[in-house]
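> no sequence on this one, just coordinates:
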């Protein structure tokens, strides 16, 4: 399907979904689909990235994403190093650009970066020589999450174009929502965002979505229901009055789910807050919930991204 | 005293009076003694410095309502020497310095420090603005009377809005006794809190926290109500939204003693500059939408906006080479104030004289300075301006220690050829002939 000597994905970095063409997304998903099968075998190790070094650089802790990238790198044969950069060392004065210079001197081939500030990963990418993968920057983007969600949808539904997707919860602070909106719109899905006005960004419609504050109306006819995590510091009166009020209006229950399409699939990027944004029984409903599939697709998608970003490098060396 | 100065073959422009004639100008002992078509080389007293303007414009030196340096406390960002050189290279001969230094200018001794440092730099005239509240904390009034006596030309908390309505009311009331000017940074801090750019589609897409346009007009409308209670004079700095312009237009029509300014960057640039997380476009108030920008231009044209100020805010590389939210606010603007503003003349939005008035006599009147006029007896603060020559803003072309300009790479038409302060030439363009 893809010509080996003419890469469809010819970018140096993956900093976001913004700007990606549908064909590039499709290509990454195709690549990932192959890795899903590999990951299910007992012998999982490839040698594609043998001799290459991947550094996981996390300025914000995330066990799941970091582990997923670590597995992806190791299964492709790369040497993987995890660098947890505590906030304190940033406070001590080393700037992001100093960090980039330090890393350059270590000659990694791939950098996977998570940072609490929007745009920080792009800033770092401008100052390093290797490929950079954005593993989440502030409230901006989290492209591999959107790709793994897309792969999950494609495998269960056979397509993305024409589906109605409801993204529910803290849209305002969610990089997962932004990347998903961009990807789903590029691939031809209809997207609704469902949240109280205090959790919706200004002019959210400019992203090409419909904003709905009534959960039942938001879920109407939805093929996919994506739930977002609500962080605890935002639950106590600043943006929503209380956990129980939030759950009452925006928590996903079987009852609210009745408005959605009968075969609607439920997704959550994890970790879940049971009883806040999602009712326990809904999360555990194996017929509806794709939450564990998402985790599985995560490793495959990250392998695909690491593979795609190093193809040119591998071809020239 | 300096030698007499005679400029001949000039287009003499005094925007304050609308005077626009070919002729010459003679300055003796720092003041203009004669100007008009009758002034020729024959008039030169012995020892005169003779300048042939070759038909270029001779205009009053600019008066900048608001600029900040780094002294004291951040000398690596801007010193009086570098800042004043940037000023005169941009045609600014008088500027009102912001008090938000470290320590702030909230004590008469600090006012005198500014005057002394400016005298030593010997370039532009620097007039200190003093803190409105002690330590710029927004709680207790600074010694407005003593500060004014020491030479403060206005009172402001600089980049901080006076948030507390009662403090603002008392400040306005007390200042009215002194006929002192209060300058407000109009932004409701609780609404702007955490925001790093204009709220809207660009901020939403970039995942950056927004500052709503309403944060500006809310403070303006509140302060206008207070001004009605107290009397006095109030000036709003760097107006950036259509709603604010509309509110001030109404207040002026009702006869309130209110004035305001905007900046070249708010006149020419929009929030789109932030794309790619460009921290040189991070400024307070933020660059706004295109609709707001147009409304601000309209406000300038119809006179609602009295003046254009540079809002010069030098930041070093370390403060700007940061993730956007962590980077410092502010752009430099002294050297580009005139050239950038002239873009509006080039594009036909406003006449030359009307624009120059907002950079010279209008800000001088607001501050109560004897400046900004090309008239007999006025201080010989002059700019020889070539409207046809162009120049490109580059790091090298800027005299500020800091290089945080949002106009880097831009070519402006309209170039300062020579700047004169009190009859003394303090700047000539390198390639001037």
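Ah, there it is. All of these numbers come straight from a predicted model, not from anything done at the bench.

> all contacts plus neighbour counts: C-alpha atoms, from now on.
OK.

> Chain A against chain B: which residues are in contact?
Residues of chain A lying near chain B by Cα under 8 Å from any Cα of the partner chain: A:95-97, A:117-120, A:123, A:138-141, A:173, A:175, A:178, A:201-204, A:206-207.

> Now, those that are in helices?
A:96-97, A:120, A:123, A:175, A:178 (DSSP state H).

> Which pair of the residues you listed spans the longest distance?
A:97 and A:178 (25.8 Å; Cα to Cα).

> Compare these two (neighbour count), which wins?
residue A:178 (28 against 20; other Cα atoms under 10 Å in any protein chain shown).

> List the contacts of that one.
A:140-142, A:171, B:205 (Cα atoms under 8 Å, 6 or more residues apart in numbering or on different chains).

> Enumerate every residue touching the closest residue to residue B:107 other than its chain neighbours.
Residue nearest to residue B:107 in three dimensions, not counting chain neighbours: residue B:147, with 6.6 Å by Cα to Cα, 6 or more residues apart in numbering or on different chains. Contact partners of residue B:147, counting by Cα under 8 Å, 6+ apart, are B:106-108, B:111, B:130.

> And for residue A:23?
residue A:8.

> Where does it sit, in terms of helix or strand?
helix A:22-39 (DSSP states H and E).

> just residue A:211 next, same as before
strand A:210-212.

> Could you pull up the mean pLDDT of that strand?
In this model, strand A:210-212 has a mean pLDDT of 98.

> who does that strand pair up with?
Paired strands of strand A:210-212, with direction, are strand A:190-194 (parallel) (DSSP bridges).

> Mind listing residues that contact the partner strand?
A:162-169, A:171, A:181, A:184-185, A:208-215, A:218.

> how far away is the residue of the stretch 1-150 of chain A found nearest chain B from residue A:134?
Closest residue of the stretch 1-150 of chain A to chain B, Cα to the nearest Cα: residue A:140 (4.1 Å). Computed with Cα to Cα, to the nearest Å, the distance linking residue A:140 and residue A:134 is 10 Å.

> For residue 305, give me its contacts.
By default, I'm working from chain A. Contacts of residue A:305 (Cα under 8 Å, 6+ apart): A:14, A:28, A:144.

> switch to chain B, that's the one I care about
B:245, B:259-262, B:296, B:299.

> Now pLDDT too, for those residues, in TSV please.
Listed next are the contacts of residue B:305 as TSV, based on pLDDT from 0 to 100:
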residue	pLDDT
B:245	98
B:259	98
B:260	98
B:261	98
B:262	98
B:296	98
B:299	98
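
> Between all of those, which two are separated the most?
Top of the distance list for the contacts of residue B:305 (Cα to Cα): B:259 and B:296, 14.0 Å.

> Neighbour count: the two, which is higher?
Neighbour tally, residue B:259 and residue B:296, criterion other Cα under 10 Å: the higher count belongs to residue B:296, 28 against 23.

> so that one is in which element?
Going by DSSP H and E, residue B:296 is part of helix B:290-301.

> if you look at that helix, does any of it touch chain A?
No: counting by Cα under 8 Å from any Cα, no contacts exist between helix B:290-301 and chain A, the nearest distance being 14.9 Å.

> So which elements touch that helix?
Packing partners of helix B:290-301 (3 or more Cα pairs under 8 Å, 6 or more residues apart in numbering or on different chains; DSSP states H and E): helix B:242-253, helix B:264-268.

> Relative to the whole chain's centre, how far out is it?
18 Å (Cα atoms, centre = their mean, to the nearest Å).

> what about the strands in the stretch 101-250 of chain A?
Ranges of strands within the stretch 101-250 of chain A are A:110-115, A:131-137, A:164-168, A:190-194, A:210-212, A:224-227, based on DSSP state E, counting those that start in this stretch.

> Contact partners for whichever residue of the stretch 51-200 of chain B sits closest to chain A?
For the stretch 51-200 of chain B and chain A, the shortest gap (Cα to the nearest Cα) falls at residue B:200, measuring 5.5 Å. For residue B:200, the contact set (Cα under 8 Å, 6+ apart) comprises A:202-203, B:210, B:212.

> Any chance of TSV for the ones in helices among the residues of chain A next to chain B, columns pLDDT?
Formatted as TSV, those follow (pLDDT from 0 to 100):
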residue	pLDDT
A:96	88
A:97	89
A:120	96
A:123	95
A:175	97
A:178	98
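
> which bits of chain B sit near chain A?
Checking chain B against chain A by Cα under 8 Å from any Cα, the hits are B:199-201, B:204-208, B:276-277, B:321-325.

> Show the buried residues in these.
Buried by 16 or more other Cα atoms under 10 Å in any protein chain shown: B:199-201, B:204-208, B:277, B:321-325, out of the residues of chain B next to chain A.

> In chain A, what helix or strand scores lowest on average pLDDT?
helix A:87-91 (a mean of 55; mean pLDDT, DSSP states H and E).

> what number of residues lie near residue A:125?
Neighbours around residue A:125, by other Cα under 10 Å: 23.

> Can you list the low-confidence ranges for chain A?
A:1-7, A:86-93, A:317 (pLDDT under 70).

> Grab the longest helix from it for me.
helix A:291-316.

> distance of residue A:233 from chain B?
16 Å (Cα to the nearest Cα, to the nearest Å).

> Buried residues, the longest helix of chain A. List them.
A:291-312.

> Export the buried ones among the residues of chain B next to chain A to TSV and append columns for secondary structure and pLDDT.
Shown next, in TSV, are those (DSSP: H, G, I helix; E, B strand; the rest coil; pLDDT from 0 to 100):
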residue	secondary structure	pLDDT
B:199	coil	98
B:200	coil	97
B:201	helix	97
B:204	helix	97
B:205	helix	96
B:206	helix	98
B:207	coil	97
B:208	coil	98
B:277	coil	97
B:321	coil	92
B:322	coil	93
B:323	coil	95
B:324	helix	96
B:325	helix	96
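
> Now do the contacts for residue 214.
Just so you know, I chose chain A. Neighbouring residues of residue A:214 by Cα under 8 Å, 6+ apart: A:194-195, A:249.

> switch to chain B, that's the one I care about
residue B:243 are the contacts of residue B:214 under Cα under 8 Å, 6+ apart.

> Hmm, residue B:280 is touching residue B:408, no?
No: the pair residue B:280 and residue B:408 does not pass the contact test of Cα atoms under 8 Å, sitting 9.4 Å apart.

> Compare those two and say which is more crowded by neighbours.
The residue with more neighbours, out of residue B:280 and residue B:408, is residue B:280; 24 against 15, by other Cα under 10 Å.

> before we move on, back to that, and the contacts of the helix holding residue B:296?
Contacts of helix B:290-301 (Cα under 8 Å, 6+ apart): B:239-242, B:245, B:262, B:266-271, B:305-307, B:349-350.

> Would you mark the buried spots in the host helix or strand of residue B:110?
Per DSSP H and E: residue B:110 is located in helix B:108-121. With burial defined by 16+ other Cα under 10 Å, the residues of helix B:108-121 counted as buried are B:108, B:110-115, B:118, B:121.

> Ok, stretch A:29-41 next?
Buried residues in stretch A:29-41 (16+ other Cα under 10 Å): A:29-33, A:35-36, A:38-39.

> So what touches it?
Outside stretch A:29-41, the residues touching it (Cα under 8 Å, 6+ apart) are A:44, A:147, A:150-151, A:296-297, A:300-304.

> hang on, the earlier thing: now list the buried members of the contacts of helix B:290-301.
Counted by 16+ other Cα under 10 Å, those give B:239-242, B:245, B:262, B:266-271, B:305-307, B:350 as buried.
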